[in-house]
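*Asks:* Could you look at this predicted model? Sequence included:
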Amino acid sequence: MSTELHEKGRVDGKMSADDVTLGLLREARETVRSSPLGVINTPMIPWCQTTLPLSVSCNVQIKLENMQKTGSFKIRGVANQFARRPKGGRFVTMSAGNYGKSFAYASKHYGSMGKVVMPETAPESRSVLIQSFGVEVERVPTSCLMNVVNRCVHEDNMSFLHSYDDLDLIAGHASLGMEVLEAMPEPDVVAVCCGGGGLLAGVAAAIKLSGRDKTRIYGVEPEGACTMYKSFIEKKPVAMDTKSIASGLAPPFAGRLPYELCQRYAEEIVLVSDEEIKAAVSTLYGSGLVVEPSGSAAFAAIVNNKIPELEGKNVVCILSGGNVGKDELGDFPD
C-alpha cells in the first residue's frame, strides 16, 4: 500500500479490511521491533511445562504478553501509532487502563501532551499510574466517554488516538501474530481476548494473510461486554451497556475496522462469564503467572471448553496483560 493511501485513510477514517495487506503489517512489525519504546518479543511457553490444569489432550503454547513492556500488548499498537504522528503533539484517548498506560508512557517519551478519558468503573490505581507519567486523566461514566473525547478534540484542539479502532494500532498489534507464527509456524487454533477488537483483528489478519488459511482464530469476550459477539450476529458494529470484571474488554462499542477484519479472519466469538474469568486469574496466579482479568479471557475459554475441537491440536493461548494490583488480587478466590 502506498504511504499516500495509508495517510489519507488514517486521517479520514475510511480504511477498510481490503487495505490491510501483509506488506503493511510487515512494515509495522519492523516499526514496532525497532521502536525506542522498547517493545519486546515475549516468551511463548508450553502449557505442559506449567502446573496449569488442562482437560483436553492437545499441545497448547502460552504467549506471555503479561511480560510485555508496560504490562500488556497495548504498547505494540501504541509504538506504531506514535511513530506515525508528529512528535510533541496534543493527543486525547479513552481507555480503561492498559492502553492509557502505554499511551502515557509513549507521550512522556515523545514529549507529547496527553489526556486519557477513563470509565469510572476502572480501578483507581490505573488512574494514579497514568497520571504518574504526566498525563491528565478524566474519569466519566462509560456512556459519556466519546462525548468527552469529542469535547477535547473540538474545544481543546487535541487529536484523538483511538484505543482499538485505528489502522496503525491494529497493524502494530499484528506484530504479535507474526511472533506467534515464528514460534509455532502452523497453529491449528489461536485464542485471543476481544474488547473493541483491535488485538483480535491484528493477530487474525497477520496469521491469515501469512497463508495460514486452516488456522481457526477465536475471539473471547465477557458475557456482560459482548459487543463483537453481537456485532457478528447483527452483521454490523454495535454498542451496548457493558459491565464486566474485565474492564479492559468492556468498551461501549465494537470498532468498525476491527469488526470488518474480525468478520473476515476470525472463526467466531465465544463468551466467558465473570466467574470463569475470576477463577482463571486465580488459577494462573497459583501457577506463578500474574495475569489481569482482561488478560485471562482466552485462558478461561480454553479451560472451560468454550472452544471446540481442540483434541490433538496445536493451540496458542494469548495472555494479553498482567496489570493487576495487589489490592485487586484480593477480589479473587484462592
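*Replies:* Structure received.

*Asks:* how about low-confidence regions in the stretch 51-200 of the chain?
*Replies:* Within the stretch 51-200 of the chain, no range satisfies pLDDT under 70.

*Asks:* What segments of it are helices?
*Replies:* 74-83, 98-110, 124-131, 145-155, 167-183, 198-209 (DSSP state H, counting those that start in this stretch).

*Asks:* Of all those, which one is nearest Thr50?
*Replies:* Of all those, it is helix 167-183 that lies closest to Thr50, at 16.0 Å by C-beta to C-beta. The C-beta positions use only the backbone N, C-alpha and C, and glycine is treated the same way.

*Asks:* Convert the C-alpha atoms of that closest one to PDB, please.
*Replies:* Coordinates of each C-alpha in helix 167-183 appear next as PDB, following Å, rounded to 0.1, in the frame of the first residue of the first chain:
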ATOM      1  CA  LEU A 167      -5.300   1.200  11.400                       C
ATOM      2  CA  ASP A 168      -1.800   2.000  12.800                       C
ATOM      3  CA  LEU A 169      -2.800   0.500  16.100                       C
ATOM      4  CA  ILE A 170      -4.100  -2.700  14.600                       C
ATOM      5  CA  ALA A 171      -1.100  -3.000  12.300                       C
ATOM      6  CA  GLY A 172       1.100  -2.700  15.400                       C
ATOM      7  CA  HIS A 173      -0.800  -5.400  17.300                       C
ATOM      8  CA  ALA A 174      -0.400  -7.700  14.200                       C
ATOM      9  CA  SER A 175       3.300  -8.000  15.300                       C
ATOM     10  CA  LEU A 176       2.000 -10.300  18.000                       C
ATOM     11  CA  GLY A 177       0.500 -12.600  15.400                       C
ATOM     12  CA  MET A 178       3.800 -12.700  13.500                       C
ATOM     13  CA  GLU A 179       5.700 -13.600  16.600                       C
ATOM     14  CA  VAL A 180       3.200 -16.500  17.200                       C
ATOM     15  CA  LEU A 181       4.000 -17.900  13.800                       C
ATOM     16  CA  GLU A 182       7.700 -17.700  14.400                       C
ATOM     17  CA  ALA A 183       7.300 -19.900  17.500                       C
END
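
*Asks:* by contact count, what packs against it?
*Replies:* Packed against helix 167-183 by the contact rule (3 or more C-beta pairs under 8 Å, 6 or more residues apart in numbering; DSSP states H and E) you find helix 3-12, helix 22-33, strand 44-46, strand 59-64, helix 74-83, helix 198-209, helix 256-265, strand 314-319.

*Asks:* Run through the neighbouring helices and strands of the fourth one.
*Replies:* Right, the one you point to is strand 59-64. Contact partners of strand 59-64 among helices and strands, from 3+ C-beta pairs under 8 Å, 6+ apart: strand 44-46, helix 167-183, strand 314-319.

*Asks:* Of all the residues in the shortest one, which ones are buried?
*Replies:* Neighbour-count burial for strand 44-46, with 16 or more other C-beta atoms under 10 Å as criterion, is recorded at Met44.

*Asks:* Likewise for the longest one?
*Replies:* Across helix 167-183, burial judged by 16+ other C-beta under 10 Å covers 167-181.

*Asks:* Can I get the helices and strands packed on helix 167-183 in CSV including distance to Pro293?
*Replies:* Formatted as CSV, these follow (distance: least, C-beta to C-beta, whole Å):
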stretch, distance to Pro293
helix 3-12, 31
helix 22-33, 25
strand 44-46, 21
strand 59-64, 16
helix 74-83, 15
helix 198-209, 15
helix 256-265, 20
strand 314-319, 11
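
*Asks:* Which of those comes out lowest on mean pLDDT?
*Replies:* Note on the helices and strands packed on helix 167-183: lowest mean pLDDT is at helix 3-12, with a mean of 38.

*Asks:* Give me the residue at the spatial middle of this protein.
*Replies:* Nearest to the geometric centre of the chain sits Leu199, at 4.0 Å (C-alpha atoms, centre = their mean).

*Asks:* Hmm, Leu176 and it touching each other?
*Replies:* Yes. Leu199 is within contact range of Leu176, at 7.2 Å (criterion: C-beta atoms under 8 Å).

*Asks:* can you list residues touching both of these two?
*Replies:* 73, 318 (C-beta atoms under 8 Å, 6 or more residues apart in numbering).

*Asks:* Can you give the domain ranges for the chain?
*Replies:* 9-72+166-329, 86-160 (automatic domain parsing).

*Asks:* for the ones you listed, which one sits closest to Ala79?
*Replies:* Nearest to Ala79, of the domains of the chain and by C-beta to C-beta, is domain 9-72+166-329 at 3.9 Å.

*Asks:* just how off-centre is the closest one within its chain?
*Replies:* The chain centre lies 6 Å from the centre of domain 9-72+166-329; the measure is C-alpha atoms, centre = their mean, to the nearest Å.

*Asks:* Now do the same contact list for the nearest residue to Pro53 once chain neighbours are set aside.
*Replies:* Closest residue to Pro53 apart from its sequence neighbours, by C-beta to C-beta, 6 or more residues apart in numbering: Val303 at 6.5 Å. Applying C-beta under 8 Å, 6+ apart to Val303 gives the contacts 52-55, 280, 283.
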